[in-house]
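Asks: here is my input; please provide its structure:
(chains A and B)
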Amino acid sequence: MTNFLQPIGATFLAMLEVTGRIVIFALESLSGMLRRPFYLPAIGRQLVDVGYYSLPVVGLTAIFTGMVLVLQSYTGFTRFSAESAIPNVVVISLTRELGPVLAGLMVAGRVGAAMAAEIGTMRVTEQIDALSTLSTNPLKYLVVPRLVAGLISLPLLVAVADVIGVFGGYVIAVDKLGFNSVSYIKHTVNFLHTIDVVSGLVKAAVFGFIVALMGCYHGYHSRGGAQGVGAATTNAVVSASILILVFNYFLTEAFFSR
Amino acid sequence: MSNAAKIEIAGLNKAFGSKQVLRGVDLTIGKGESVVVIGGSGSGKSVLLKCILGLMRPDSGSIKIDGEESVDLARRERERVRAKFGMLFQGSALFDSLRVWENVAFGLIQGDRMARGAAKDVALRKLGAVGLDGQVSELYPSELSGGMQKRVALARAIAREPEIIFFDEPTTGLDPIMSDVINKLIVKCVRDLGATAVSITHDMVSARHIADRIAMIYEGRIIWNGAAKEIDRSGNGHVDQFLHGRAEGPIAMPVRPL
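Replies: Numbers count the residues shown, from 1 in each chain, chains lettered A, B, ... in the order given. Below you'll find the model as predicted:
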């Protein structure tokens, strides 16, 4: 019996320990965000890297998601002659859920992995120790700019993704399914509330922070050469993806369950 | 050896899990002295350096720098003490995203808040001192050979004219001629700056070249400590075995037949 319980307990304790470490890491980085020195050029570079260069990936994801949403809801809704609800369904599911979640997952794969690999390589080649010996706090120089970039650029990316996604749906609805262009736009706009967009953007900021935090944390604590960096990269993407889905549920509950 | 102690280490212990790496290291290093710590792989040399630098926290013991206890310093205090150090890392640990001169000037720009132009002048002068010209300064570290990287790293370590310089295996991975170049540069730089130097190595040629005094670390303790000239008459079996590179002796490595 103890043989069976022992690994469960050990795993649970290890999980608590890692959670604690991540929280401490996050708090230290957050306090670093508020205190000088600020590395503005580094923040600018990260914004370009995380935000601008993610545009194609996120845009493509959004446009095809919008397109497929229209097709799928059309097959369902025609059975009840409820085609007029389609624009509404598309815009709400994009702004509230699919925009932030899919953009978060894509950025986790693209940016979170790159952060873990870059910082992990710096760790195993002692570049992080070298920073410390050159009077530079590695948390402030490496981690803070990435967290700031994640926090700022994901909401912007999601705002763009929302527009592109709705546009994708519009093209398919009007061109392929014969919707009236004016009434499609009218239905899209009329049923959209501020909270739909705002909740999505808040989610995006949280997801951006999670992606950068996981990338930095796993990279910063990677050990033992190429294999360690590889493991850090995998862990960064997997943990960021899972945390995005978990936090998505709780944020949705916080916003809409009243 | 006559003047005041720059670094005083007493009873230093450090364990990783169940593996005790340092078991009560005592070592005093005088101002302006060049001490080389020799010892086999895994004897705790690197851990000792990292403890002195404050990159690792010892489990117990005391490290005094200029008479000031430096274990368990607050972050701000630690940064002030650390500004006295320069370090040449084993794998050079150059920042691969920065040009050569930016690497050398890094501590001046980030740590001492020097203007970029002035810092570049200093960097070029330091690069000149290690035999690298202006052309090299615009390259990236990955475009250089191992020996050149080592020299850039040396220039970076001395750029802020530190009071104490650490050399972590300065000649590992270099050919004999380049090793001699690096050894001569180390001696010259340390003499020109009047700095205190602590090196760790298992290269006896290098140790004899650099050292005023040699200390041997074995199983986490300093087992011999004396003037470099006297090492051939140490009367210590461990030291003799290390000196002559013999597999047989008190430092035994058990091997079983194939």
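Asks: helix or strand for the residue nearest to the spatial centre of chain B, which one?
Replies: Here the mean C-alpha position of chain B is nearest to the C-alpha of B:F167 (C-alpha atoms, centre = their mean), at a distance of 2.2 Å. According to DSSP states H and E, B:F167 maps onto strand B:164-168.
Asks: tell me the secondary structure at B:A215.
Replies: Under DSSP: H, G, I helix; E, B strand; the rest coil, B:A215 falls in the strand class.
Asks: count of neighbours near the closest residue to it other than its chain neighbours?
Replies: Distances taken as C-beta to C-beta, 6 or more residues apart in numbering or on different chains put B:N225 closest to B:A215, at 4.3 Å, once the chain neighbours are dropped. Where C-beta positions appear, they are placed from N, C-alpha and C, glycine not excepted. The burial count assigned to B:N225 is 16, neighbours taken as other C-beta atoms under 10 Å in any protein chain shown.
Asks: so B:N225 makes contact with B:V25?
Replies: No: with contacts counted by C-beta atoms under 8 Å, B:N225 stays clear of B:V25, the gap being 10.7 Å.
Asks: ok, residue 217 - contacts?
Replies: By default, I'm working from chain A. A:21-22, A:25-26, A:236 (C-beta atoms under 8 Å, 6 or more residues apart in numbering or on different chains).
Asks: other chain: chain B
Replies: Residues near B:I217 by C-beta under 8 Å, 6+ apart: B:25, B:37-39, B:43-45, B:48, B:223.
Asks: which of the residues you listed fall within helices?
Replies: In helices, defined here by DSSP state H, the members of these are B:45, B:48.
Asks: mark which of the contacts of B:I217 are buried, thanks.
Replies: B:25, B:37-39, B:43-45, B:48, B:223 (16 or more other C-beta atoms under 10 Å in any protein chain shown).
Asks: give me phi/psi at the nearest residue to B:D59 once chain neighbours are set aside?
Replies: Distances taken as C-beta to C-beta, 6+ apart place B:N13 nearest to B:D59, at 4.7 Å, with adjacent residues excluded. The phi and psi values for B:N13, taken as degrees, to the nearest 10, are phi -120, psi 140.
Asks: quick one: low-confidence parts of chain A?
Replies: A:1, A:258 (pLDDT under 70).
Asks: let me know how buried A:S183 is, in neighbour terms.
Replies: 11.
Asks: got it, and B:N13?
Replies: B:N13 has 16 neighbouring residues, counting by other C-beta under 10 Å.
Asks: please, which helix or strand holds residue 206?
Replies: This is for chain A. A:V206 belongs to helix A:194-220, assigned by DSSP H and E.
Asks: could you do chain B instead?
Replies: Here B:S206 is assigned to helix B:204-210, by DSSP H and E.
Asks: re earlier: the residue nearest to the centre of chain B and A:F256, how far apart?
Replies: 61 Å (C-beta to C-beta, to the nearest Å).
Asks: returning to what we had before: off-centre distance for the strand holding B:F167?
Replies: 3 Å (C-alpha atoms, centre = their mean, to the nearest Å).
Asks: please name every helix or strand in contact with it.
Replies: Packing partners of strand B:164-168 (3 or more C-beta pairs under 8 Å, 6 or more residues apart in numbering or on different chains; DSSP states H and E): helix B:45-53, strand B:85-88, helix B:146-158, helix B:176-193, strand B:196-201.
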